[in-house]
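Asker: Dropping a prediction and its sequence here:
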Amino acid sequence: MVALGANGGPAVHAQTPVNLVLESWRVEDAAIWEGTIIPAYQATHKDVTITYRPTNSSFYNAALGTELQGGTVGDVFACQPFDTSEAFYNQGYLPKINDMPELAHFSALARSGWTTRDGVNTYCMPVASVMEGFTYNKDAFDKLGLTPPNTRAEFFQVLDAIKKDGTYIPLAMGTYDGWTVGDRGLYSNGPNFWKGEEGRQALIGGTAKLTDPQFVDAMRFVAQWRPYLAADPEAIKYTDTQEMFPLGQAAIMPAGSWEISLFRQKAKFPMGVFMPPVANPGDQHYIDQQIDIAFTYNPKSANVDAARQFVDWLGTAEFATLYSNALPGFFTLGDYEVQVADPLAQEYLSWLKNAKPTLRLAEQYLSTGNPSLESDLFTLMPQVLNGTLAPEDAARMAQQDLDSWYQPPQR
Amino acid sequence: MLRVHCATSRFPLHIVVFIAPALVIYTVLMVYPIAATLAESLYRATGSGSGGQTAFAGIDNYLALVGARPWAVRFWGALEHNVAFFLIQFLVQNPLGLLLAVLLSRPGLRLGAAYRTILYVPAMLSIVIAGFVWQLMLNPLWGIVKASLDVLHIGGLFHPWLGLESSALIALALISTWQFLGMPMMLYLTSLIAIPSEIVDAARVDGASAWTTFWRIQFPLILPTVGIVAILTYTGSLNAFDLVFALQGPLAAPNYATDVLGTLFYRTYFGGMGTAADPAMGSTIAGMTFVIVLAGVLVYLIGWQRRATVYEL
């Protein structure tokens, strides 16, 4: 670690102290950056001070765009994946960071959110991702003699057993917030049907349609959850489910790794996680790993060398270890083994040993037009789960909307 | 002779001085943004990505909004919801507000000030707060409505109203009605109090019942207030954005059943929730909303306010 830091901080800058301004949309992480990460960096870079300057996430992109145009942007700033950062790169505001040494730790998938469509130029250093699966109440499972399911048949056996017992609501899920059904239902469980990246790339490439069985079957699988939800799920919100599960009212919650800290604060029982179930024992598992945040530097910064070094350091195992432990559930995108202390976070990480990661189905390219696939899925999937729309019809409507504007890239 | 000469030759500077502050503030904060938005709606983005070049498009954006997929579906849907929202609010709020005002204006009413305050309090709450309170009361897991119905053994009457396509918009309009009931009540009360008591007394002496007095004497005198309430409800409901956005999200769930021009504008102009931002079309929606509000206000000014009989009391 010390060697890494020493390499990253050549003596050229030792005599001139510089202050870097770091911009991000993660207002809630200020204490982590200021208390843990920045001091760790300064331990090996005594000439650098860093000011963390976050902006509320809903205004971040608009603010960043204005700052980039007006030349008032910080030295280092966070990049959202895909289209917004791509637009900034195309306008010439972001640097090319292909030759940064630490970038070698990141796979093409990890870099895809911040790399040109031809896969050649990367402009932000990938930092963190989150994963989706199911979190369950271990006390409830022990009491009912259940084990976490691996196949879909086992999944429904477990749900039936919980429902029959009646102490717990089997699944903490509602349809009031449409995105939860699209995201925690379809994006999380679908990859096992459409074989992860294979199916997603086929949809982007135009060789597969949403009306193909692998997509319709995934929607039908989510529709089958209906009997296991609480009564009147139409008015149950995402935040309601975030209470139901840690309060012990529901046995299983289709949840994301970003909820670990929240559950740790509220739940009084031991928890476990299991992967979205597959069709047959021994089938390949696919995991929805959502690439979330990356950082880059302002190429016009007065402290461009120091800013560049700092961005490269964000790609090191040292940073990844600090970050993953400060924010359990946010995982590095690098290829190194990171030791995380939180057991639930460890369970999530262990999935990546055998399961293949993929991205949210509609996140890349398919949501740049109108109507976007993502807003379609977030509107149609709740109806599918409520039983008011057949999966076949939902798939047909979404594909129709996609066909109205989307042109698969010519290869 | 001298005075006339002065008046015609000297520029009335003091008028400019008096008008200038309001004119400047209004121009900078209201006229300029509206003009800039209307101008933006006449352009369309060319090339890919945001912040790129734009080209003059004339009224193409407006034609697309009212007549071409996918915009037209959302635009007419949102407008229909705005109209429904207005009608529900107007038809429920007016009779209730009037009734409460009549009750509060009765001479000899005890604790009148307390009732008036209590009924007006919701209007002073933030729309978002009022919305969340109702959302919590209507919640199927921990809401008081379902619990109360269960106690009365009529739990079967409960439905997740805010989450059903058939009832979500009505529920929102009623929440809004509840919150702003105090407004028409106060306006009606003020005009009822303004009616000289001699006229009402005279009617009573002539043997008119309370019912007749109200419909033949009081109601015609407060009729102009109905117009004011109508136009306030109209502009308010066309800008009904915060309640929908806070409770149903930017996608106006379920299945756009609560989509209004405000949420459509927000999604289009700012993007988010998987939709790319489209400032030109967003401005077009804002422009159309402006035109619709303007048309309604003109109808009110010309069709109602000039014709309504105002009695000198």
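Answerer: Noted; the coordinates are in hand.
Asker: residue closest to the middle of chain B?
Answerer: Computing the C-alpha centroid of chain B and ranking residues by C-alpha atoms, centre = their mean puts B:G236 first, at 1.2 Å.
Asker: if you skip the residues just before and after it, what's nearest to that residue?
Answerer: Nearest residue to B:G236, sequence neighbours excluded (C-beta to C-beta, 6 or more residues apart in numbering or on different chains): B:F180, at 7.3 Å. Using the backbone N, CA and C atoms, a C-beta is placed for each residue, glycine as well.
Asker: what's the burial count for the one you found?
Answerer: Burial measure for B:F180: 22 neighbouring residues, criterion other C-beta atoms under 10 Å in any protein chain shown.
Asker: For the stretch 51-200 of chain A, which residues are neighbours of chain B?
Answerer: Within reach of chain B by C-beta under 8 Å from any C-beta of the partner chain, the stretch 51-200 of chain A has these residues: A:58, A:62, A:65, A:69, A:83-84, A:86-87, A:90-91, A:174-179.
Asker: Restricted to helices, list those residues.
Answerer: Using DSSP state H, the members of those that fall in helices are A:S58, A:A62, A:G65, A:Q69, A:D83, A:T84, A:E86, A:A87, A:N90, A:G178, A:W179.
Asker: Strands of chain A, residue ranges please.
Answerer: Counting by DSSP state E, chain A has strands at residues A:18-24, A:48-54, A:76-79, A:125-137, A:169-171, A:250-256, A:271-274, A:286-297, A:331-332, A:356-358.
Asker: Next to chain B, which bits of the stretch 251-400 of chain A? Give me the list.
Answerer: So far as C-beta under 8 Å from any C-beta goes, the stretch 251-400 of chain A lies against chain B at A:362-363, A:367-375, A:377-380, A:382-383, A:388.
Asker: Can you show me the strands along chain B?
Answerer: Using DSSP E, strands in chain B cover B:43-45, B:54-56.
Asker: Can you say which of the ones you listed is packed in most?
Answerer: strand B:43-45 (a mean of 19; mean count of other C-beta atoms under 10 Å in any protein chain shown).
Asker: quick one: average pLDDT of that strand?
Answerer: What strand B:43-45 shows for mean pLDDT is 82.
Asker: so what secondary structure elements neighbour it?
Answerer: Packing partners of strand B:43-45 (3 or more C-beta pairs under 8 Å, 6 or more residues apart in numbering or on different chains; DSSP states H and E): strand B:54-56, helix B:279-298.
Asker: between the ones you listed, which gets the lowest average pLDDT?
Answerer: Minimum mean pLDDT among the helices and strands packed on strand B:43-45: strand B:54-56, a mean of 82.
Asker: Could you give me the buried positions within stretch B:100-118?
Answerer: B:L100, B:A101, B:V102, B:L104, B:S105, B:R116 (16 or more other C-beta atoms under 10 Å in any protein chain shown).
Asker: so which of those residues comes closest to A:D403?
Answerer: B:L100 (54.7 Å; C-beta to C-beta).
Asker: was I right about the closest one contacting B:M185?
Answerer: Yes - the pair B:L100 / B:M185 is scored as a contact, 4.8 Å apart, by C-beta atoms under 8 Å.
Asker: Run a quick neighbour tally on the residue in the stretch 1-150 of chain A positioned nearest to chain B.
Answerer: Nearest to chain B in the stretch 1-150 of chain A, going by C-beta to the nearest C-beta, is A:A87, at a distance of 3.5 Å. Residues contacting A:A87 under the criterion other C-beta under 10 Å number 20.
Asker: What of the one 3 residues further on?
Answerer: For A:N90, the number of neighbouring residues by other C-beta under 10 Å comes to 17.
Asker: A:D376 is in contact with A:D401, isn't it?
Answerer: Yes - using C-beta under 8 Å, A:D376 is in contact with A:D401, at 5.4 Å.
Asker: Cool, thanks, signing off.
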